[in-house]
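Student: this is a predicted model, with the sequence first.
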Amino acid sequence: MLSLNRGSSLLRGAAARTVVVRCGSGRRGEGKGRGVAMESTHEEVEALMDPKNTVGGGVEDTYGEDRATEDQLVTPWTVSVASGYWLLRDPRHNKGLAFTEKERDAHYLRGLLPPVVASQELQEKKLMHNLRQYKLPLQRYMAMMDLQERNERLFYKLLIDNVEELLPVVYTPTVGEACQKYGSIFRHPQGLYISLKEKGKILEVLRNWPERSIQVIVVTDGERILGLGDLGCQGMGIPVGKLSLYTALGGLRPSACLPITIDVGTNNEQLLNDEFYIGLRQRRATGQEYADLLHEFMRAVKQNYGEKILIQFEDFANHNAFDLLAKYSKTHLVFNDDIQGTASVVLAGVVAALKLVGGTLAEHTYLFLGAGEAGTGIAELIALEMSRQTNAPIEECRKKIWLVDSKGLIVSSRKESLQHFKKPWAHEHEPIKNLLGAVQVIKPTILIGTSGVGRTFTKDVVEAMASFNEKPIILALSNPTSQSECTAEEAYTWSKGRAIFASGSPFDPVEYEGKTFVPGQANNAYIFPGFGLGLVISGAIRVHDDLLLAASEALAQQVTQENFDKGLIYPPFTNIRKISAKIASNVAAKAYELGLASRLPRPENLVKYAESCMYTPLYRSYR
Ligand SMILES: O=C([O-])CC(=O)C(=O)O
Ligand SMILES: [Mg+2]
């Protein structure tokens with residue numbers, strides 16, 4: 001809905017025209033507080049009851065302008081039509097050499113481009129050629145980020161058409177190195193930075209972001225970036241990368257995605273002493289100060305974007321990750337990718353692997369190295385699914401699953417000193433100090449690495465797994481590649497070609513005794529884009545474990561006989577958009593079934609509907 005132009009905008013002669021101002025649009029319909037029970041805070045209810053408020057319940061006030069009282073400050077939002085020179089510098093609309101003759105006339109581009117008119121395909125070909133010239137992955141990353149800032153559709157066209165080749169560039173593992181060096185390679189800011197300096201002003205900061213209709217936020221506080229640890233404010237590469245995947249793999253519009261980094265300081269001495277560090281130069285705020293900033297953020301997000309904004313927590317340290325998820329899953333549409341997304345993808349891989357090794361979930365024995373977010377998250381989802389399949393109480397199912405942390409096997413005698421998220425895994429057993437000892441005694445059929453520490457699945461460990469398993473399932477999930485518990489080559493050679501192996505970061509196929517083994521990539525990238533799409537298209541207002549199981553089931557079903565024949569327990573990323581549509585549809589169906597969906601009526605064919613909602617990167621024609 002558009003209203004009168006009451007803003008001003010820079011007019012560059014005839015070359016720019018301001019056409020439209022959006023302010024205080026009042027879209028009726030899918031408003032807040034309708035249909036499904038939702039918790040509002042005391043203040044939010046009071047604000048709605050305030051007679052000075054001009055907008056009541058049920059009417060969307062995305063800009064907060066109608067709701068603002070006369071003494072409150074609002075932002076006069078303007079949306080202008082770019083043309084001429086500025087059109088070439090607007091990444092959302094720029095097409096570079098692909099502007100047609102007609103468009104060059106109509107949009108004041110004559111003379112600003114060389115005479116040739118190129119197709120998007122030719123642009124793509126040229127850019128792929130250029131990218132392949134770079135020797136270093138980081139150079140490719142920087143070239144891709146520059147493209148994203150220059151010509152967004154072309155960036156997504158490249159990423160979608162060349163997903164297997166470019167995923168490791170814009171995402172894991174290269175994004176890890178990019179975060180480590182973010183200060184040095186920083187050119188244009190991406191995403192929104194909310195630091196302790198913005199305390200008390202977070203709502204205003206959100207309103208500085210140019211897009212209004214945000215559907216997904218990926219937020220980090222940078223404390224546990226992949227397996228690389230505390231990278232502070234430089235963790236921004238992660239939400240940026242994850243959201244590129246939301247668009248490329250899941251089809252969400254780029255304009256609906258908002259990457260956010262919350263900067264409460266860093267305890268990384270190297271960064272604190274780095275002259276190019278881009279964040280707050282102080283040690284991390286903790287306790288109440290941390291909780292207050294996060295609370296202000298969570299409230300501001302809901303106030304600014306409404307009930308259905310999806311917030312994905314990413315790469316928080318364990319203690320905060322579990323606390324934030326527990327606290328906000330009751331009032332917000334949130335999920336933690338490292339706990340829940342990873343769990344869903346690994347469960348899918350395990351279920352698929354059982355087709356190769358036989359047996360049910362309950363007939364296997366699981367041993368994890370690492371008892372943090374990923375380890376306990378995966379363990380819990382496997383136990384939940386086992387419990388669903390067998391009708392056994394979940395407490396019983398947990399007993400099939402063992403976890404080793406830095407102090408050894410988690411056993412009941414350690415219970416008192418364990419962090420709360422490890423306690424459910426403290427089973428009766430003699431203490432065992434290390435992984436190899438635990439492998440030899442527990443004799444797992446499935447070994448899962450979520451430790452964040454590289455090269456911990458040693459030759460002894462893998463050989464032990466292979467000594468009592470015909471086909472040991474070995475998942476080395478820590479990222480990036482340097483932190484992987486073992487390499488694909490190690491898993492295949494040490495197990496004499498018998499391991500079923502997948503890893504969080506990608507590995508190339510391995511030749512062993514004349515046979516080629518293709519490792520799968522057990523990375524949450526398979527799940528979160530489709531999962532998020534499913535939540536968005538159904539208008540879900542809360543995440544539920546059953547939605548994670550639905551996503552996992554949909555992914556496992558996508559593994560074909562041809563994939564199995566190669567030893568793969570995940571489908572290749574090449575078809576990821578189709579896979580995401582299936583995941584989205586399964587998640588949405590479950591959301592409708594559970595009464596968590598607010599977008600009514602339910603579309604009949606959810607797969608088709610999910611596909612029809614997906615962003616396509618082809619250029620649009622301008623009038
Ligand atoms: O980003 C990735 O590749 C997977 C992930 O969430 C992590 O390792 O934290
Ligand atoms: Mg993560």
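Tutor: Done, it's in. Numbering: from 1, shown residues only. Ligands and ions are numbered 1, 2, ... in the order given.
Student: quick one, longest strand in the protein?
Tutor: Secondary structure of the chain per DSSP state E: the longest strand is strand 257-263.
Student: angles on the backbone of Asp66, please.
Tutor: Dihedral angles of Asp66 (phi, psi; degrees, to the nearest 10) stand at phi -70, psi -30.
Student: I misspoke; the intended subject was Leu447.
Tutor: Leu447 adopts backbone torsions of phi -110, psi 130, taken as degrees, to the nearest 10.
Student: ok, Gly222 next?
Tutor: Main-chain torsions, Gly222, degrees, to the nearest 10: phi 70, psi 10.
Student: how about Gly191?
Tutor: The phi and psi torsions at Gly191 (degrees, to the nearest 10) take the values phi 70, psi -170.
Student: so what's the residue count around the residue of the stretch 451-600 of the chain found nearest ligand 1?
Tutor: Nearest to ligand 1, among the residues of the stretch 451-600 of the chain, is Asn479, at 3.7 Å (Cβ to the nearest ligand atom). Quick note: C-beta positions are derived from backbone N, CA and C, even for glycine. Asn479 has 26 neighbouring residues, counting by other Cβ atoms under 10 Å.
Student: now do the contacts for the residue nearest the centre of the chain.
Tutor: By Cα atoms, centre = their mean, the chain has its centre lying nearest to Lys242, at 4.2 Å. Neighbour list for Lys242: Tyr171, Val218, Pro259, Gln312, Glu314, Asp337, Phe528 [criterion: Cβ atoms under 8 Å, 6 or more residues apart in numbering].
Student: near ligand 1 too, which of these?
Tutor: With Cβ under 6 Å from any ligand atom as the criterion, the contacts of Lys242 include Asp337 near ligand 1.
Student: next step: the contacts of Lys242 restricted to strands.
Tutor: Val218, Pro259, Gln312.
Student: so which of those residues comes closest to Leu158?
Tutor: Pro259 (19.3 Å; Cβ to Cβ).
Student: could you work out the most separated pair of the contacts of Lys242?
Tutor: It's Tyr171 and Gln312 that sit farthest apart of the contacts of Lys242, by Cβ to Cβ, at 14.4 Å.
Student: now stretch 596-607: mean pLDDT?
Tutor: In this model, stretch 596-607 has an average pLDDT of 97.
Student: give me the contact list for it.
Tutor: With contacts defined as Cβ under 8 Å, 6+ apart, stretch 596-607 is touched by 30, 34-36, 308, 537-542, 544, 547, 581-582, 584-585, 588-589, 591-592, 609.
Student: same thing but 7 Å
Tutor: 30, 35-36, 308, 537-542, 544, 581-582, 585, 588-589, 591-592, 609 (Cβ atoms under 7 Å, 6 or more residues apart in numbering).
Student: which secondary structure elements does the helix or strand containing Ser552 contact?
Tutor: Assigned by DSSP states H and E, Ser552 belongs to helix 545-557. When contacts are defined as 3 or more Cβ pairs under 7 Å, 6 or more residues apart in numbering; DSSP states H and E, helix 545-557 sits against helix 342-357, helix 373-390, helix 576-593.
Student: hey, where'd the helices end up in the stretch 151-300 of the chain?
Tutor: 152-161, 163-170, 174-180, 182-185, 202-208, 237-248, 269-272, 287-305 (DSSP state H, counting those that start in this stretch).
Student: tell me the spacing between whichever residue of the stretch 151-300 of the chain sits closest to ligand 1 and ligand 2.
Tutor: Nearest to ligand 1, among the residues of the stretch 151-300 of the chain, is Thr172, at 3.3 Å (Cβ to the nearest ligand atom). Relative to ligand 2, Thr172 is positioned 9 Å away (Cβ to the ion, to the nearest Å).
Student: pLDDT on stretch 560-574, on average?
Tutor: On average, the pLDDT along stretch 560-574 is 94.
Student: just the CA coordinates for that stretch, please, in CSV.
Tutor: The C-alpha trace of stretch 560-574 is given here as CSV (Å, rounded to 0.1, in the frame of the first residue of the first chain):
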residue,chain,number,x,y,z
THR,A,560,18.1,-42.2,-4.2
GLN,A,561,19.3,-45.7,-5.0
GLU,A,562,21.9,-44.1,-7.2
ASN,A,563,23.2,-42.1,-4.3
PHE,A,564,23.2,-45.2,-2.1
ASP,A,565,25.2,-47.1,-4.7
LYS,A,566,28.0,-44.5,-4.4
GLY,A,567,27.9,-44.9,-0.6
LEU,A,568,26.2,-41.5,-0.2
ILE,A,569,23.7,-40.9,2.6
TYR,A,570,22.8,-37.4,1.4
PRO,A,571,21.6,-36.4,-2.0
PRO,A,572,23.9,-34.1,-3.9
PHE,A,573,23.4,-30.3,-3.5
THR,A,574,22.7,-30.0,-7.3
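Student: quick one: distance of it to the chain centre.
Tutor: The chain centre lies 23 Å from the centre of stretch 560-574; the measure is Cα atoms, centre = their mean, to the nearest Å.
Student: who touches it?
Tutor: Outside stretch 560-574, the residues touching it (Cβ under 7 Å, 6+ apart) are 163-164, 167, 349, 352-353, 355-356, 500, 502, 517-518, 520-522, 526, 558-559, 579.
Student: among these, which ones are buried?
Tutor: Buried residues within these, counting neighbours by 16 or more other Cβ atoms under 10 Å: 163, 167, 349, 352-353, 500, 502, 517, 520-522, 526, 558-559, 579.
Student: out of the residues you listed, which is nearest to Leu381?
Tutor: The nearest member of those to Leu381, counting by Cβ to Cβ, is Gly349 at 11.8 Å.
Student: show me the contacts for that closest one.
Tutor: Contacts of Gly349 (Cβ under 7 Å, 6+ apart): Leu475, Ala502, Gly520, Ala522, Ile569, Tyr570.
Student: okay, the third one: pLDDT?
Tutor: Looking at Gly520, its pLDDT stands at 95.
Student: can you pull the contacts of it?
Tutor: Contact analysis of Gly520 by Cβ under 7 Å, 6+ apart lists Gly349, Ala502, Leu568, Ile569, Tyr570.
Student: likewise for the second one?
Tutor: If a contact means Cβ under 7 Å, 6+ apart, then Ala502 has Gly349, Leu475, Pro519, Gly520, Gln521, Ala522, Ile569, Tyr570 as its contacts.
Student: out of the residues you listed, which sit inside strands?
Tutor: Taking DSSP E as the definition of strands, the contacts of Ala502 contribute Leu475, Gly520, Gln521.
Student: so where is the stretch 51-200 of the chain shaky, pLDDT-wise?
Tutor: Counting by pLDDT under 70, the stretch 51-200 of the chain shows low-confidence ranges at 51-64.
Student: chain center to stretch 157-164, what's the gap?
Tutor: That offset, for stretch 157-164, works out to 18 Å (Cα atoms, centre = their mean).
Student: could I get it in PDB with only the CA atoms?
Tutor: C-alpha atoms of stretch 157-164 as PDB (Å, rounded to 0.1, in the frame of the first residue of the first chain):
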ATOM      1  CA  LYS A 157      22.200 -17.000 -10.600                       C
ATOM      2  CA  LEU A 158      25.800 -18.000 -10.200                       C
ATOM      3  CA  LEU A 159      25.200 -19.600  -6.800                       C
ATOM      4  CA  ILE A 160      22.100 -21.500  -7.900                       C
ATOM      5  CA  ASP A 161      23.500 -22.800 -11.200                       C
ATOM      6  CA  ASN A 162      26.900 -23.700  -9.700                       C
ATOM      7  CA  VAL A 163      25.900 -24.700  -6.300                       C
ATOM      8  CA  GLU A 164      28.300 -27.600  -5.800                       C
END
